[in-house]
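**Q** here's a sequence, model it:
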Amino acid sequence: MATPGRMRSTRKLRAWMVEQVNSGQYPGLMWDDAAKTMFRIPWKHAGKQDFRSDEDAAIFKAWAEFKGKLSETGRSDPASWKTRLRCALNKSPEFREVTERSQLDISEPYKVYRLVPISEQGVVQSQGRTGQKQSKKKRCRTQSDKEEENEIEEAKHMKVTSDITSVPLQPITLMPTEDSLNLQTNNDSESVAVLKNLGPVNEIQLNFMIETIPPPGDLPSLTVSIHYLGQEVLKRDIFGNDVRIAYYSSSPSPPPLSSLGVGGTGTERISLPEPPASLPNRPAFSALLPYMEKGVLLASTNVGIYAQRYCQGRVFWTGPHTSEPGPHKLERTSRPVMLFNRQTFQQELDEFSHNGGPSPQCGVTLCFGEELSESDDLASKLITVQISLPWATQRVQEAQSVKDSLAFIQEMTGQSPLGEVTLNLVSIA
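**A** Coordinates of the predicted model:
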């Protein structure tokens, strides 16, 4: 498990930046007006042929060094340095970019930032964000905009998806102590934030490690687990669309669900095994299993999970998306029955993500030869088949991880004097 970096108290960015502008030691960093209320900062793309790392990235490297964020290996990373200072300037209420004075399409491009007076900071912060959103809709994207986006992506070293649940953040618990401010890891690999008192804290930074989520195609469409009197006797991951669960593997194959407008080709087979010698009531299994010949067909589709019964033996089922009280019998009909509804699951997941409550269920259960209700003890049933959906389980886990992380961030934001927390996101393989 990845371990987050440390949190540290820093001087105010405003005091540091004013000091650097006044020093005159950074090429292109200068005051833009006589009153020294606005300053220019060089903004050349690191991918330009005439880019000079020692000059064009000097101020960004100085900020990374001041923050203690230079690479331990000494590797030059101007894109990452630039992104760090850009984020700090844009997030701070003490600075506001003056886009009409910036020059980004010249040979020595620069941006202009204004030092916001304390009396205006509360207003500027809210109005500035609203104005930025509106201006983004109106103005055309210049080549410089595209280059800046590329630099940000290079600094992140990861792909960002539109679904936030695909980027789970590692939850951290808060433990206050007395002397310093650090992040530590305990023996259980659980990240713990240890707050200690070093005086006034002006800024809190959190480093989160992000683990890449495998694409849904790498997960089984179904996981089938067969239980005899509550004891698991067989488990199989299904990567195709259709699977047939039956007693005799040599029995004539019924038509695949694809012929009925459901599922696809290449039906897999799972044979119900003979009961282990250690199980009691073996004669009951011997009497029931022959009726499971031809079995049940399951299909995973974009709409949901369907089942169709071909065997003579009775089959009952339970699932999260039934509209009527049980027991639910799987009849021998010409059309499959939906056991799990993907759209309903997504609605439940959205409700869970935004409003809390119980997490969505991610599977269904079949019972061969006996009635089954939600309250029944599965260990008392001769043959039960539990069908889980790994992709759905993953979605729920991602949503829970994001909720836990956001709750922690909100807690940390409440403890920051400025009401802000800076997140540095780092991907791991």
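
**Q** when you work out contacts or count neighbours from here on, use the C-alpha atoms and nothing else.
**A** OK.

**Q** residue 224: how many residues sit nearby?
**A** Residues near residue 224, counting by other Cα atoms under 10 Å, number 20.

**Q** let's verify it: helix, strand, or coil?
**A** strand (DSSP: H, G, I helix; E, B strand; the rest coil).

**Q** not counting residues beside it along the chain, what's closest to it?
**A** residue 387 (4.8 Å; Cα to Cα, 6 or more residues apart in numbering).

**Q** contacting residues around that neighbour?
**A** 222-225, 363-366 (Cα atoms under 8 Å, 6 or more residues apart in numbering).

**Q** for it, give the beta-bridge partners.
**A** residue 224, residue 364 (DSSP bridges).

**Q** verify the stated contact: residue 313 with residue 287.
**A** No: using Cα atoms under 8 Å as the test, residue 313 is too far from residue 287 to be in contact (10.6 Å).

**Q** these two - which one has more neighbours?
**A** Per other Cα under 10 Å, whichever of residue 313 and residue 287 has more neighbours is residue 313, with 18 against 9.

**Q** may I see the buried residues of the longest helix anywhere in the chain?
**A** When the chain is parsed with DSSP state H, its longest helix is helix 390-415. Going by neighbour count (16 or more other Cα atoms under 10 Å), the buried part of helix 390-415 is 390-392, 394-396, 398-405, 408-409, 412-413.

**Q** do stretch 227-243 as well
**A** 227-230, 237-243.

**Q** what's the answer for stretch 43-61, then?
**A** Result for stretch 43-61 [16+ other Cα under 10 Å]: buried residues 43-46, 56-61.

**Q** and the gap between residue 283 and residue 88?
**A** Look at residue 283 and residue 88: by Cα to Cα, to the nearest Å, they are 73 Å apart.

**Q** which of those two has more neighbours?
**A** residue 88 (15 against 9).

**Q** which SSE is the more buried one in?
**A** Per DSSP states H and E, residue 88 falls inside helix 78-91.

**Q** okay, now the closest residue in space to residue 63 that isn't next to it in sequence: neighbour count?
**A** Spatial nearest neighbour of residue 63, excluding adjacent residues (Cα to Cα, 6+ apart): residue 85 at 6.6 Å. Neighbours of residue 85 under the rule other Cα under 10 Å: 18.

**Q** before we move on, what about residue 342?
**A** 15.

**Q** I figured it hits residue 300, correct?
**A** No: between residue 342 and residue 300 there is no contact under Cα under 8 Å: 10.1 Å.

**Q** hey, where'd the strands end up in the stretch 301-429 of the chain?
**A** Remark: strands assigned in the stretch 301-429 of the chain by DSSP state E, counting those that start in this stretch are 304-309, 315-318, 328-329, 337-341, 363-368, 383-388, 422-428.

**Q** thinking again about what came up before, need the buried residues of stretch 43-61 in TSV (columns: distance to residue 351).
**A** Below are the buried residues of stretch 43-61 laid out as TSV (distance: Cα to Cα, whole Å):
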residue	distance to residue 351
43	43
44	45
45	43
46	44
56	48
57	46
58	48
59	46
60	43
61	44
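
**Q** in helices, which of those residues appear?
**A** Among the buried residues of stretch 43-61, the members falling in helices (DSSP H) are 56, 58-61.

**Q** with those residues in mind, which one is nearest to residue 330?
**A** residue 60 (66.5 Å; Cα to Cα).

**Q** just the element for residue 41, please.
**A** Taking DSSP H and E as the definition, residue 41 sits inside strand 38-42.

**Q** which strands border that strand, and is each parallel or antiparallel?
**A** Assessed with DSSP bridges, strand 38-42 is paired to strand 30-31 (antiparallel), strand 110-115 (antiparallel).
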